[in-house]
Structure formats: structure tokens, C-alpha cells
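> Let's see this in three dimensions:
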Amino acid sequence: MRFSQDVIARARALRVDGKTLGQIASELGVWKSTVYHWIRTMPVPVVDGIDVQTRARLKTGRLWSREVVEKRVASWKLKCSERRQAEEDRGLAEASSVLGESKVRDFACLFLAEGTKRSRNVVGVVNTDQQIIRLCDLMMRRFSRKPISYRLFCADDERDRLVAFWSQSLGVDPSLIRFQLKKKVSARRSEFGLFSVTTCDTFFRSRLQGWINWLRSQWASSSTERTGGYGPSDGGSTPLSPTT
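Here you go, the predicted model:
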């Protein structure tokens, strides 16, 4: 629909007067998108030190002050921290029974030794061993509510063969396996390339940490019982340090 130049000029004049898109559209009986097309090259008018866009958002409550934003962010961080701690406590409480299953215990030990530790939101393992990757994939599917991601690191000429191998080994669609070029993956070290299995699950990571804390306490207890609280290397004369 074409509009006369008088209507367009009227819209531009209303904008200069400090009217918002909605106010102009309402007064002229046109769509806001049409008004925007007419005034898009004009500067946003400022009335009493506040531009009309900010004023409109303040009026509708869609623009928060800095104090409100900081308060909401702090509240959200506190909730996340409490939830992570609750999941970690849950993992610690259930560890004696859950880790009674050998596969779950093996997974917790593998993650402690080989897992990614950079983020408290991620559970991931990178390895060249097929059985380790299969076990970790099985446990992540079982305990995580988030999608599992897969990544293959190998030479370009090995890509198709290894994608097919891992796809069949894990029972996943080949399109789910992302590829990253890695020129120096020794064939002597692994004929199946380097493979990672990962899930971005904050609460599973916290729960897993509870299992790990329980394992560490068990190992510390058994070590203390065998040595009587002293190191074995010097005839039992040196107390073990707290970090041993």
C-alpha cells in the first residue's frame, strides 16, 4: 500500500517531537514496521535527557536499572551454587551404593584420572582406547539428561574410516561425530585416532564430584589403616602430610 508524502512527512514530524514508533503508528493508523521504514535514518530523539526508546522500555518495565540487573544476576548465581552443592551432596550420600556397581566405579575413577577438569559444567573424556570411550559413553547416557557430543581427532585421510568405526562402536549416527584435523596421531599409539565424548551437564558434573570425593576418602582411609598414619618409605618414622 502506497502512502502520500504528506503522511510520511507527518510521521517524521511526530518523530522529531519525540514520539515513539508505537505512538506514531497509532496516530496515523499504520503498522509500526511501516513507520520504522519511514524514520529509520532519523536520529533517536532525546526528551528530558532520555531517548524515547529507553523511555518506552522503562515505562513497560522491559529495561532494568543496573542495580536490578546485578541483584538478579547475584540471585541466579546463588541458586545455581546451591543446586550444584545439593547435587554434590547427593552424589556423596549415594556413592557407597551407586559405586558398588563396578562399571560406575570404573567410570568415576577414569574421569578422575582422564576427564576434563577445566569446567565445572562439563563431563568429558578424551582417549584413544575403544573400551574406555565406550564405558564413558554408556555412563553419560545413563546418568546425564543432556545430549552427548562426540569429536574425532585424526589425519584427514583417515577420517571416513574412523568415523565409520566409532559410529559402529558406539551405535551413533555418523553425522553426530564431529571431526577435527590432527596430523600427528601416532598409529603406534592408536589405530583408531583420538576420540572425545562429552556432555555439558552442570548437575551431573556436581553429582560425579560427590562420587569422587567419596572415593578419595575411602582411599585415604585404607592408606592410613595400612601405614598407621606414617609413610612406609622411612620405616614409619615420618607422618604422612595431609595432601598425601
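> now stretch 157-171, how far from the centre of its chain.
Centroid displacement of stretch 157-171 relative to its chain, using CA atoms, centre = their mean, to the nearest Å, is 26 Å.
> For my notes, confirm residue 180 occurs in a strand.
Yes - assessed by DSSP: H, G, I helix; E, B strand; the rest coil, residue 180 belongs to a strand.
> Neighbours of it, how many?
Neighbours of residue 180 under the rule other CB atoms under 10 Å: 12. Backbone N, C-alpha and C define where each C-beta goes, glycine included.
> Any idea what it is bridged to?
Note on residue 180: beta-bridge partners by DSSP bridges are residue 153.
> ok, now which ones touch it?
151-153 (CB atoms under 8 Å, 6 or more residues apart in numbering).
> just the buried members of those residues?
151-153 (16 or more other CB atoms under 10 Å).
> Return the member of those nearest to residue 192.
Distance to residue 192 across the buried ones among the contacts of residue 180 (CB to CB) is lowest for residue 152, with 9.0 Å.
> hang on, the closest one packs against residue 164?
No - assessed by CB atoms under 8 Å, residue 152 is found out of contact with residue 164, at 10.7 Å.
> Which residue lies closest in space to residue 126, excluding its sequence neighbours?
Closest residue to residue 126 apart from its sequence neighbours, by CB to CB, 6 or more residues apart in numbering: residue 196 at 4.2 Å.
> which of the buried ones among the contacts of residue 180 lies closest to residue 214?
Looking across the buried ones among the contacts of residue 180 and measuring by CB to CB, the closest to residue 214 is residue 151, at 30.0 Å.
> ok so, going back, quick one: the residue nearest to residue 126 from residue 46, how far?
Look at residue 196 and residue 46: by CB to CB, to the nearest Å, they are 53 Å apart.
> what about these two, which has more around it?
More neighbours surround residue 196 than the other of residue 196 and residue 46, with 18 against 12 (other CB under 10 Å).
> Output the contacting helices and strands for the strand or helix carrying residue 107.
Residue 107 belongs to helix 102-114 when assigned by DSSP states H and E. Packing partners of helix 102-114 (3 or more CB pairs under 8 Å, 6 or more residues apart in numbering; DSSP states H and E): strand 123-127, helix 130-143, helix 202-227.
> Only the buried residues of that helix, if you could.
104, 107-108, 110-111.
> quick one: low-confidence ranges for the chain?
1, 47-66, 183-189, 223-244 (pLDDT under 70).
> Next, the angle helix 102-114 makes with the lengthiest helix in it.
Criterion DSSP state H: the longest helix present in the chain is helix 66-98. Here helix 66-98 runs at an angle of 130 degrees relative to helix 102-114 (axes from the mean of the first three to the mean of the last three CA atoms, to 10 degrees).
> can you list contacts of stretch 105-122?
Residues outside stretch 105-122 that contact it (CB under 8 Å, 6+ apart): 84, 99, 123-127, 132, 135-136, 139, 198-202, 205-206, 208-209, 211-212, 215.
> sorry, back to before: looking at the buried residues of helix 102-114, spot the one nearest residue 190.
Proximity of these to residue 190 (CB to CB) peaks at residue 110, which lies at 16.4 Å.
> I'd like to know how far that closest one sits from residue 124.
11 Å.
> ditto for residue 35
50 Å.
> Would you mind telling me which of the two has more residues around it?
residue 35 (25 against 22).
> surely that one meets residue 11?
Yes - Residue 35 lies in contact with residue 11 (CB under 8 Å); the separation is 5.6 Å.
> Mutual contacts of those two, please.
Jointly contacting residue 35 and residue 11 under the rule CB under 8 Å, 6+ apart are 24, 28.
> dump the residue contacts of the spatially most central residue of the chain.
The centre of the chain sits closest to residue 200, judged by CA atoms, centre = their mean, with a distance of 4.5 Å. Contact partners of residue 200, counting by CB under 8 Å, 6+ apart, are 121-122, 146, 149.
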